[in-house]
Every structure is written in C-alpha cells, then in structure tokens.
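S.K.: one predicted model, sequence on top.
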Amino acid sequence: TTNMSTKLAIPAVRQVISKLAKGEKEEEELVEKIENSCLKFDHDKKGMLTPDEFFNVLKLQNGVECTKEEVKTVCGPLPCTKDGKIKIRDFLYLDIHSESAFRAMDRNKDGYITKGELKLAKKKMTMKEVDQVIKEYDIDQDGKLDYNEFLKSKK
C-alpha cells in the first residue's frame with residue numbers, strides 16, 4: 001500500500017494550533033516562531049524538551065491558547081526518552097496518526113473529517129490527493145471519514 005495513512009497524520013504542534021484556524025502562511029510562520037522559542041528554551045542544547053516545556057513555549061512565549069493536558073495528549077504518541085523528553089523536531093514535524101490528530105482535523109466537531117477539513121489540515125495536498133485519501137478509507141461511502149474509518153487507515 002502507498003503511504004495513504006500518513007496523509008491523515010499531522011504533527012503534534014499543528015494539532016494544537018489547528019484550532020486557531022490560521023491560513024497556511026500564518027501557520028508556517030507560527031511554527032517557525034515556535035521552533036525558535038523551543039531552541040531558546042532548550043538550555044542543554046540536546047534538541048529535546050518535555051511536554052511541560054512545550055506548553056510553556058506555546059502558551060507563555062507564543063500566546064497559543066492551550067492546556068498542559070492538551071499538550072501532553074498530542075505528545076503521547078511521540079518517541080520520548082526515559083525522562084520524558086521529546087525531540088523538538090518530532091514535536092514540530094513528525095506526522096502523527098492519533099485520536100487528537102483526528103479531533104484537530106475535525107474542525108466543526110461533528111465526528112467526521114470532510115474533504116474540506118482534510119484540505120485545511122494538510123494544506124500541501126492537492127484536491128485530487130484529498131479525494132483519493134477519503135475514497136480509500138471511506139467504507140460507508142458517505143464522502144467523509146468517521147473515527148472508525150480514520151482508525152482503519154492507520155493499519
């Protein structure tokens with residue numbers, strides 16, 4: 001199979017900032033700002049932070065409305081060290097396929113990811129790719145993905 005399922009995955013940081021509903025350029029700029037803050041915050045220069053530190057960077061330094069719980073949740077699937085540190089690069093750029101990724105993409109919270117919502121979440125995808133991904137996993141053929149269809153796409 002092609003890596004269709006990665007098309008339904010988004011990085012942790014974008015799961016948090018998706019609800020700000022920014023345009024592509026604004027979102028890119030915010031991710032860059034967050035990256036710079038992360039690097040400043042990384043005092044021992046190992047390129048890693050804890051979820052609490054990511055929260056500080058997001059909320060205190062970049063004014064992103066979020067809770068510690070939310071940041072812990074989106075960090076959940078990321079690889080981490082024994083002391084709970086996560087690579088800054090992973091937090092910012094590693095595509096994750098998880099329940100919080102689904103919730104971040106489901107903009108209107110109706111329990112479905114529509115083509116429009118997928119396109120908003122994955123701005124680099126063409127409409128043709130969006131159609132393909134939805135078609136691939138849309139078991140009941142209603143033109144959108146529910147959570148179970150989304151989960152099946154992970155396998």
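M.R.: Happy to help now that I have it. Numbers count the residues shown, from 1 in each chain.
S.K.: so which residues of this structure form strands?
M.R.: Ranges of strands within the chain are 10-11, 48-49, 86-87, 95-96, 112-113, 145-146, based on DSSP state E.
S.K.: redo those as JSON lines? Include mean pLDDT.
M.R.: Below are these laid out as JSON lines (pLDDT from 0 to 100):
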{"stretch": "strand 10-11", "mean pLDDT": "96"}
{"stretch": "strand 48-49", "mean pLDDT": "98"}
{"stretch": "strand 86-87", "mean pLDDT": "98"}
{"stretch": "strand 95-96", "mean pLDDT": "94"}
{"stretch": "strand 112-113", "mean pLDDT": "98"}
{"stretch": "strand 145-146", "mean pLDDT": "97"}
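S.K.: adding distance to Ala21 and mean neighbour count, write those strands out as TSV.
M.R.: The C-beta positions use only the backbone N, C-alpha and C, and glycine is treated the same way. Formatted as TSV, those follow (distance: least, CB to CB, whole Å; neighbours: other CB atoms under 10 Å):
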stretch	distance to Ala21	mean neighbour count
strand 10-11	14	22
strand 48-49	26	22
strand 86-87	25	19
strand 95-96	20	19
strand 112-113	15	23
strand 145-146	20	24
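S.K.: how about these in TSV, adding distance to Gly63?
M.R.: Below are the strands of the chain laid out as TSV (distance: least, CB to CB, whole Å):
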stretch	distance to Gly63
strand 10-11	19
strand 48-49	18
strand 86-87	22
strand 95-96	24
strand 112-113	28
strand 145-146	32
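S.K.: so which of those strands gets nearest Glu27?
M.R.: strand 10-11 (10.9 Å; CB to CB).
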